[in-house]
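S.K.: okay, predicted coordinates and the sequence, questions at the end:
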Amino acid sequence: MRALSSIVLSLVFLSIAGAFSAEYFNPDHFSQRSLPPGLSREQFEQQMQSQQTVALESFTVSGSVVDLGGQAIDSIEVGIYRPEPFLYALTFTDETGVFQFEEIPTGDYYIFCNGNVIEDGNRVQRYIHQYIDGSASWREAEAIPVETNVTNIHFSMDPGYHISGRVVEKNSGTPVYQAIINLYETPFEHIQDRYASSWSDAEGYFFIGGLRQGEYLLYQTGLVWDSGLGGPAEVYIPYFYLNSTTPQDADAIAVPESRDDILLQVEGGTSCSGKLVDQSTGRGIYTAVVHLLDRNGQSVSEIRTNAGGNYTFNNIAVDTYYIYAPGIILRRIGDEWNVPLDRYAGRYYDNAVNIEDAHLFEADQNYENIDFILEPTIAIKGRVTREDNGLPIANTWVEADNGLEGDLHRHFQVLTDANGEYELFVEKGGYYITATGGVQQEGGQESKMFVT
């Protein structure tokens, strides 16, 4: 067995003038319902970066929004979306409930009203999100052809159910102003994919409306909006209602009817900080991922290092934790942002390969100098082709395994690109290289397309 450096395996936004106000386009104020359907926040940001202005014949799309009583709704958010070529824009109704999009190119579009109303500069969820035919999802909605000016778009908005309550400091009972509360649909998928958000008022009260019957997770983020910073500040220990650090252990709030009895008590916590250093250069590692794990190995928080390789977890609840640096850095590749790259051998604190050997620390005080010195991984490059005709095989798994057992076992895998090429990053040592014969299909399903 030998280490290998190169192997070949043979085997049988469009920019729309006036489309939305930049004053309100703040990612920290954005709920998942403000994002294009089917896109994560990171995918949406990538799409927005890649949009280009195209000189085509264009039209206006306009309409009105009223409540179930027929009263016009002022400052409610309306969106227009086209998957291919990508176009996405938001606008708001005026005091008469009228909205208008300008310079919309010819095409088929999904038009929706997400139920967000601007109140005192903040988005407040007041109505049920819907498309123009009443559908909850774009997959069920009717696309509207825009081949001339469209003027007959009408929404009648249902307030649905709501969840409301109060945020106070645990020890003093003092109301917390501008605390940020997120709501998630179940099953929970990702911390950024929130369904709706709310900010507490001067008396600590928050409100999230426009809910259909179902089960939801409520997340007290620990963040308070700081107008001086122009963004959120970490002030309190975050948790899921009722006092759970992870969504897996959280109690879902059933909404067969509205709830007004939610009490969120908040308190500050401890902190943990350190630095990730490249063993070969002695320099800090930029945008490296660091995890705070609970005693069961579940991720409580995930952050990335700054330009100096430093990281800090703030407002940690008193409990026992592991710190884990998986060796992943985030980089921009082409038009894709935050692409995870395996560039270092992952380690738990203190220099443990496996969680069983890691240091479990009690977060009853502030910790500093929780540092990692990470060893760069070694690149193994190659290409996978068909044995019968030499054509490249895309989206097949290539694996590197050192064949050892227990704590010494190492296993890495990666998918080939469109040209059948792959690049595996592994720790130092000897490996068996295998192309599995499994081809990854759209939607994450794997099928056997050939035999190794």
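M.R.: Now that the structure is in, tell me what you want to look at.

S.K.: CA only for contacts and neighbour counts going forward, please
M.R.: Fine.

S.K.: the spatially most central residue of the chain and N338: what is the separation?
M.R.: The centre of the chain sits closest to Q192, judged by C-alpha atoms, centre = their mean, with a distance of 3.6 Å. Here the criterion is C-alpha to C-alpha, to the nearest Å. By it, Q192 lies 14 Å from N338.

S.K.: where does pLDDT dip in the stretch 251-400 of the chain?
M.R.: Applying pLDDT under 70 to the stretch 251-400 of the chain picks out no residues at all.

S.K.: quick one: the helices in it?
M.R.: With DSSP state H, counting those that start in this stretch as the criterion, the stretch 251-400 of the chain has no helices.

S.K.: so which residues of it form strands?
M.R.: Taking DSSP state E, counting those that start in this stretch as the criterion, the stretch 251-400 of the chain carries its strands at 253-255, 259-266, 270-278, 289-294, 299-304, 310-316, 320-325, 328-333, 336-342, 347-348, 361-362, 372-374, 378-386, 396-401.

S.K.: which of those strands sits closest to G420?
M.R.: strand 378-386 (5.1 Å; C-alpha to C-alpha).

S.K.: by contact count, what packs against the closest one?
M.R.: Applying 3 or more C-alpha pairs under 8 Å, 6 or more residues apart in numbering; DSSP states H and E, we find strand 378-386 packed against strand 6-11, strand 421-426.

S.K.: that one vs strand 421-426, what angle?
M.R.: 150 degrees (axes from the mean of the first three to the mean of the last three C-alpha atoms, to 10 degrees).

S.K.: show me which residues of strand 378-386 are buried.
M.R.: Across strand 378-386, burial judged by 16 or more other C-alpha atoms under 10 Å covers 378-380, 382-386.

S.K.: export those to JSON lines and tack on distance to A394?
M.R.: Formatted as JSON lines, these follow (distance: C-alpha to C-alpha, whole Å):
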{"residue": "I378", "distance to A394": "23"}
{"residue": "A379", "distance to A394": "19"}
{"residue": "I380", "distance to A394": "17"}
{"residue": "G382", "distance to A394": "12"}
{"residue": "R383", "distance to A394": "10"}
{"residue": "V384", "distance to A394": "8"}
{"residue": "T385", "distance to A394": "9"}
{"residue": "R386", "distance to A394": "10"}
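
S.K.: wait, which of those residues is closest to V398?
M.R.: V398 lies nearest to V384 out of these, by C-alpha to C-alpha, at 8.5 Å.

S.K.: beta-bridge partners for that closest one, please?
M.R.: L9 (DSSP bridges).

S.K.: my guess is it meets E423, correct?
M.R.: No: V384 lies out of contact with E423 (C-alpha atoms under 8 Å); the separation is 11.3 Å.

S.K.: hey, what's in contact with both of the two?
M.R.: Contact criterion C-alpha atoms under 8 Å, 6 or more residues apart in numbering; residues shared by V384 and E423: T416.

S.K.: ok so, going back, so can I have TSV of the strands of the stretch 251-400 of the chain showing distance to I76?
M.R.: TSV is the format used below for these (distance: least, C-alpha to C-alpha, whole Å):
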stretch	distance to I76
strand 253-255	24
strand 259-266	23
strand 270-278	40
strand 289-294	38
strand 299-304	33
strand 310-316	35
strand 320-325	43
strand 328-333	35
strand 336-342	31
strand 347-348	48
strand 361-362	47
strand 372-374	48
strand 378-386	52
strand 396-401	47
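
S.K.: what are the neighbouring residues in contact with the residue nearest to F425 when sequence neighbours are not counted?
M.R.: Spatially, and ignoring its direct neighbours in sequence, F425 is nearest to A379 (4.5 Å; C-alpha to C-alpha, 6 or more residues apart in numbering). Residues in contact with A379 (C-alpha under 8 Å, 6+ apart) are 5, 423-426.

S.K.: which of those are buried?
M.R.: Buried members of these, counted by 16+ other C-alpha under 10 Å: 423-426.
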